[in-house]
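Colleague: Build me a model from this:
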Amino acid sequence: MDPLATLTLKHLVDRSVAAFASRPALCTVDGVPITYAQLGEQVRTLSGVLSDRGVRPGDRVAILGDSCPNWGIAYFAITTMGAIAVPILPDFQPDQVRHILRHAGARAVFVSDKYLGKVEDAEVSGLETLVLLEDFSVLPPQARREGLARLLEEGRREFARLRDAVQQRSQQTPAPVREDDVAAIIYTSGTTGNSKGVVLTHRNLVSNVVATRAIQDVQCTDRLLSVLPMSHTYECTIGFLLPMMAGACVYYLDKPPVPRVLMPAMEKVRPTIMLTVPLIMEKIFKTRVLPQFTRNPLMRTLYRVPAVRRQLHRIAVRKLLRLFGGELRFFGIGGALLAAEVEQFMRDGGFPYAIGYGLTETSPLVAGCGPSATRFRSTGVIIPGVEVRIDSPNPKTGEGEIWVRGPNVMREYYKDPERTAEVLTADGWFRTGDLGVLDRDGYLYIKGRLKNVIVGPSGENIYPEEIEAALNRSDYVLESVVYEHNGLLVARVHPNYEAFDQEFAGRRLTEAQMRAAVAEKLEAVRQQANASLPSFCRVQRLIEQPEEFEKTPTKKIKRYLYTS
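Modeller: All right, here's what the predicted structure looks like:
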């Protein structure tokens with residue numbers, strides 16, 4: 001196909017509808033696919049319904065629901081008519097949802113039935129319409145208070161009336177959508193506890209789609225299985241807009257992506273492309289793969305031999321790929337740093353992975369590559385059309401803050417000029433707050449967050465992420481958080497209790513003896529990690545974290561909950 005002549009979501013949709021009319025576009029795992037022709041018709045009808053409800057170009061329309069075909073239809077209906085989509089992460093608490101609706105000044109909300117309670121009593125001036133994502137029933141905002149069952153039936157009749165009116169109305173020329181018009185305002189989950197409204201234009205999003213396809217080709221024959229929230233820019237841009245531009249089909253789960261749901265879904269869909277966060281593969285490796293290699297003393301000894309370990313990894317990856325449906329050709333990982341031992345496992349076994357780097361503020365991708373071009377611990381090369389510089393690099397290590405400039409960089413933080421000025425320079429550079437290094441070949445390596453850096457007693461820069469990686473290499477650790485407390489480096493560790501169960505199987509230990517044995521093992525983990533770290537990076541105290549760390553929807557630990 002010819003390159004996109006106009007970098008707008010409307011042009012992207014219209015072109016794909018015309019080029020791939022009969023091909024499947026969106027589908028639930030067990031459902032009937034919606035074709036591109038049907039997608040185009042439903043988007044036009046729903047845009048007309050919004051228009052009849054008083055939504056105009058520039059108005060904000062929120063979407064609150066789990067990933068599904070109707071989420072994507074709603075997103076296109078909003079953006080192709082010139083209105084602004086405000087995706088809201090389903091994990092947000094009701095008070096956060098209501099704050100976003102008020103701050104954005106939402107005129108309408110698409111909401112799943114199970115999240116209706118989060119938007120009731122929002123008291124947003126101008127919010128006049130609720131639309132159920134399940135069937136696009138149109139409800140008044142006071143749906144809960146007036147009796148949901150009756151209003152649902154009225155809502156279905158209202159949608160049918162509006163749909164018929166739209167279809168019968170004489171064709172009108174819609175207002176043109178321009179590249180620099182705002183397409184979406186994304187309220188970040190924020191690991192600092194502070195959500196910000198990231199303003200992204202049509203040019204931001206579509207230019208990022210085009211650049212991403214240049215480093216990893218997506219074809220109309222590809223099948224994507226979605227396991228991440230569409231309300232996050234990573235999944236929306238790379239996992240939705242990119243396949244829609246290419247004429248591919250995206251499949252959605254109707255249940256949370258736990259193994260008992262994922263395994264049969266992958267068998268049915270046989271995905272060629274998946275996008276995930278590091279935690280998913282890390283858990284598979286530590287709880288399913290690694291125990292097979294360390295189940296007895298002989299296997300543990302053999303696994304320490306590099307040549308044997310590589311062969312075992314190759315065997316395990318072949319089995320894993322069969323579990324993934326047997327046709328996977330691209331497994332994208334983003335959102336956080338991936339554990340080194342897990343990446344080594346995938347490299348040894350030939351798993352078709354690639355790690356990308358980006359932020360909501362950059363639409364999101366900044367760097368990435370295809371599986372054949374990966375380098376160990378790198379997030380790939382800078383995508384076409386985007387500039388990256390390392391600001392104030394350390395003369396010895398080359399590490400510095402990553403700055404980004406290009407068509408993918410956000411316009412601003414919504415209604416927040418002070419924060420905008422803090423991160424955007426006058427000449428268009430975005431200060432990411434991430435620390436990294438660029439090598440001679442243009443590969444980017446992420447070192448950690450600038451705000452997480454701890455200054456050592458002699459002025460050394462201590463990166464908690466590197467210490468956490470050393471701790472997480474242990475079979476007995478699933479995840480950890482390192483921070484400074486009263487001048488000491490402290491590590492809070494969530495153990496791999498399955499590994500302890502296997503270790504102590506057959507031993508009759510009292511609860512007190514078990515706790516003592518776990519503490520002894522964790523102390524050994526601390527000492528082993530410290531042996532691999534510079535003296536100024538060594539952990540002085542280790543705390544057991546019995547429960548999993550609380551995480552953002554993209555599975556990044558909410559560090560601020562544990563480091564203050």
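Colleague: Tell me how far the helix or strand encompassing F331 lies from the chain's centre.
Modeller: When elements are assigned from DSSP states H and E, F331 belongs to strand 330-333. Centroid displacement of strand 330-333 relative to its chain, using CA atoms, centre = their mean, to the nearest Å, is 12 Å.
Colleague: What of stretch 319-336?
Modeller: Relative to the centre of its chain, stretch 319-336 is centred 16 Å away, using CA atoms, centre = their mean.
Colleague: Residues in contact with that stretch: which ones?
Modeller: By CB atoms under 8 Å, 6 or more residues apart in numbering, the surrounding residues in contact with stretch 319-336 are 216, 223, 234, 238, 263, 266-267, 269-279, 281, 284, 289, 349, 351-358, 364-365, 368, 370-371, 554-556. Glycine gets a C-beta too; all of them are placed from N, C-alpha and C.
Colleague: which of these count as buried?
Modeller: Neighbour counting by 16 or more other CB atoms under 10 Å classes 216, 223, 234, 238, 266, 269, 271-279, 281, 284, 289, 349, 351-358, 364-365, 368, 371, 554-556 among the contacts of stretch 319-336 as buried.
Colleague: among the residues you listed, which are in helices?
Modeller: Applying DSSP state H to those, the entries found in helices are 266, 269, 278-279, 281, 284, 349.
Colleague: Which single one of these is nearest to P69?
Modeller: V269 (13.9 Å; CB to CB).
Colleague: I figured that closest one hits D30, correct?
Modeller: No - applying CB atoms under 8 Å, one finds V269 not in contact with D30, separated by 10.1 Å.
Colleague: Could you list the domains of this structure?
Modeller: The chain breaks down into these domains under automatic domain parsing: 9-177, 245-411+421-451, 453-561.
Colleague: would you list those domains in CSV and tack on mean pLDDT and distance to L200?
Modeller: Formatted as CSV, the domains of the chain follow (pLDDT from 0 to 100; distance: least, CB to CB, whole Å):
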stretch, mean pLDDT, distance to L200
domain 9-177, 87, 9
domain 245-411+421-451, 95, 6
domain 453-561, 90, 17
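Colleague: how about a markdown table for those, with distance to R203 added?
Modeller: As requested, these are exported to a markdown table (distance: least, CB to CB, whole Å):
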| stretch | distance to R203 |
| --- | --- |
| domain 9-177 | 10 |
| domain 245-411+421-451 | 6 |
| domain 453-561 | 24 |
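Colleague: Those: which one's closest to T201?
Modeller: For these, the distance to T201 is smallest for domain 245-411+421-451, at 5.8 Å, taking CB to CB.
Colleague: end to end, how far does the closest one reach?
Modeller: Length of domain 245-411+421-451, first residue to last, CA to CA, to the nearest Å: 37 Å.
Colleague: Stretch 533-542 too?
Modeller: Using CA to CA, one end of stretch 533-542 lies 15 Å from the other.
Colleague: Just the buried positions in it, please.
Modeller: 533, 537-539, 542.
Colleague: what's the spacing between that stretch and its chain's center?
Modeller: A distance of 31 Å separates the centroid of the chain from that of stretch 533-542, by CA atoms, centre = their mean.
Colleague: which outside residues touch it?
Modeller: 456-458, 460, 462, 466-467, 470-471, 482, 485, 488-493, 522-523, 525-526, 529-530.
Colleague: now those: which count as buried?
Modeller: 462, 467, 470-471, 482, 489-493, 522, 525-526, 529-530.
Colleague: right, and the pair among those with maximum separation?
Modeller: The widest separation within the buried ones among the contacts of stretch 533-542 (CB to CB) is 20.9 Å, between I462 and L522.
Colleague: Could you export the buried residues of stretch 533-542 to JSON lines, including columns for secondary structure?
Modeller: JSON lines is the format used below for those (DSSP: H, G, I helix; E, B strand; the rest coil):
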{"residue": "L533", "secondary structure": "coil"}
{"residue": "C537", "secondary structure": "helix"}
{"residue": "R538", "secondary structure": "coil"}
{"residue": "V539", "secondary structure": "coil"}
{"residue": "L542", "secondary structure": "strand"}
